[in-house]
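Student: Predicted model follows, preceded by the sequence.
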Amino acid sequence: MQMRNIQVVGVVGAGVMGIGVAQNLAQTSHHVILVDISEEILEKAKQEIRNNIRFQSFFNKNNQAESSDDILHRIKFSTNYKFFEDAEFVIENATEKWDIKKEIYKQLDAICPKKTVFAANTSAISITRIASITQRADKVIGMHFMNPVPMKPMVEMIRGYHTSNETISTAEELLVQMGKEGILVNDSPGFVSNRVLMLTINEAIFLLQDQVASVEDVDRIFKTCFGHKMGPLETADLIGLDTILFSIEVLYESFNDSKYRPCPLLKKMVDAGLYGRKNGQGFYTYNRAS
Ligand code: NAD
């Protein structure tokens, strides 16, 4: 099978994941079209990518490394989907809500060339369900990137019911270009990673709600007893508590199984605007620059 050298990649969503995906692509010489719903969000994304690149180069001490301006030059920031007409491959990283994603895929399908592959970087939504919105179900795949994207070499790839082998090869090729590898699994809401992780995080929040242990002690047990790098509550803060809530709600609706009911404390924290690292306050408090 002939490999495609993908040069122009569309990225939908400039939040936690979209920023990381766009940065990683631009740092591996791709031209990126990054689209979100407001100029303000895009300006913040640009600033964050600049800071991330400076932070990386501070540790790399590689004189050959490209400047943040050169890398940012390869990213077109826009609120207009029409620029996706040039995209050979699109990675979608919008809010984990079915109603939002549904409208996005309708637009992408109408604008992008017929051969463009759509990769959903969703936490839990079925890839087969996403593909059903489009007229190109064979060209829709799940690419579940890990956070922070530029530092995580492994991606969970999901084969939807109609995903073709050619689409899988194209996605694998793009991952190689990005310096990453994929692990391919079959489609099911939450896939492998989040069917387990979201339940673990939700249960850890129930433990906190039931006053069984403090935030620090819940995390310490996972780190010191099981050797995990991060505890479930630290992980929740890194992902974003809003995204955790949306993901567990997707699992609850997808399986119609009460074991996925979101913990009331999680709902309350999201209602109170405690989203974790991304806005400075979750189970822990963060300096916004960290
Ligand atoms: P986020 O809330 O940080 O960002 C989502 C972005 O999507 C926001 O900037 C929002 O304005 C934008 N958006 C909403 N509607 C849009 C539209 N119509 N067009 C373009 N942009 C739109 O969320 P995130 O954490 O970046 O998550 C994005 C996706 O990636 C979700 O599906 C999530 O489940 C998944 N994911 C998240 C993580 C994580 O650790 N946070 C990891 C893997 C996958």
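Tutor: Arrived safely, thanks for sending.
Student: Look up the closest residue to Leu245, ignoring the ones flanking it.
Tutor: With sequence-adjacent residues excluded and distances taken as Cβ to Cβ, 6 or more residues apart in numbering, Leu245 is closest to Val270, at 4.9 Å. The way it works is simple: take the backbone N, C-alpha and C, and place the C-beta from them, glycine included.
Student: quick check, the strand or helix carrying the one you found touching the ligand?
Tutor: Here Val270 sits within helix 264-271, counting by DSSP states H and E. No: counting by Cβ under 6 Å from any ligand atom, the ligand has no neighbours in helix 264-271; the shortest distance is 11.4 Å.
Student: Which residues does that helix contact?
Tutor: Applying Cβ atoms under 8 Å, 6 or more residues apart in numbering, the contact partners of helix 264-271 are 202, 205-206, 208-209, 241-242, 244-245, 248, 282.
Student: if you set the cut-off to 10 Å instead, what comes out?
Tutor: The contact list for helix 264-271 (Cβ atoms under 10 Å, 6 or more residues apart in numbering) reads 201-202, 204-210, 236, 240-246, 248-249, 262-263, 274-276, 281-283.
Student: any idea of the mean pLDDT in it?
Tutor: Helix 264-271 carries an average pLDDT of 98.
Student: Now it: buried residues?
Tutor: Of the residues in helix 264-271, 266, 269-270 count as buried by neighbour count, 16 or more other Cβ atoms under 10 Å.
Student: Pull the contacting residues for Gly20.
Tutor: 11, 48-49, 52, 93, 121, 145-152.
Student: Then Pro232?
Tutor: 197, 199-205, 207, 218-219, 221-222, 283.
Student: tell me the contacts of the closest residue to the ligand within the chain?
Tutor: Residue nearest to the ligand within the chain: Gly15 (1.8 Å; Cβ to the nearest ligand atom). The neighbourhood of Gly15, defined by Cβ under 10 Å, 6+ apart, consists of 36, 41, 44-45, 48, 93-95, 240, 242-243, 278.
Student: and the ligand, which of the residues you listed contact it?
Tutor: Within these, those near the ligand by Cβ under 6 Å from any ligand atom are 36, 41, 93-95, 240, 243, 278.
Student: May I see these arranged in a markdown table, with pLDDT as well?
Tutor: Shown next, in a markdown table, are those (pLDDT from 0 to 100):
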| residue | pLDDT |
| --- | --- |
| Asp36 | 98 |
| Ile41 | 98 |
| Asn93 | 98 |
| Ala94 | 98 |
| Thr95 | 98 |
| Gly240 | 98 |
| Thr243 | 98 |
| Lys278 | 96 |
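Student: Contact residues of the stretch 151-290 of the chain facing the ligand?
Tutor: Contact residues, the stretch 151-290 of the chain versus the ligand (Cβ under 6 Å from any ligand atom): 239-240, 243, 247, 278.
Student: can you map out the strands along the protein?
Tutor: Along the chain, counting by DSSP state E, strands occupy 8-12, 31-35, 75-78, 89-92, 117-120, 140-144, 154-159, 181-186.
Student: Gln23: which of the contacts of Gly20 is nearest?
Tutor: Within the contacts of Gly20, the smallest distance to Gln23 is 4.8 Å, found for Ile49 (Cβ to Cβ).
Student: Find the nearest non-adjacent residue to that closest one, please.
Tutor: Counting by Cβ to Cβ, 6+ apart, the residue nearest Ile49 is Gln23, at 4.8 Å.
Student: gap between the one you found and Pro150?
Tutor: Counting by Cβ to Cβ, to the nearest Å, the gap from Gln23 to Pro150 is 6 Å.
Student: same deal with Leu34?
Tutor: Distance, Leu34 to Pro150, using Cβ to Cβ: 15 Å.
Student: Give me the below-cutoff pLDDT ranges for this structure.
Tutor: Scanning the chain for pLDDT under 70 picks out 1-3, 61-64, 288-290.
Student: do that again at 80, thanks
Tutor: Within the chain, the segments meeting pLDDT under 80 span 1-4, 58-65, 288-290.
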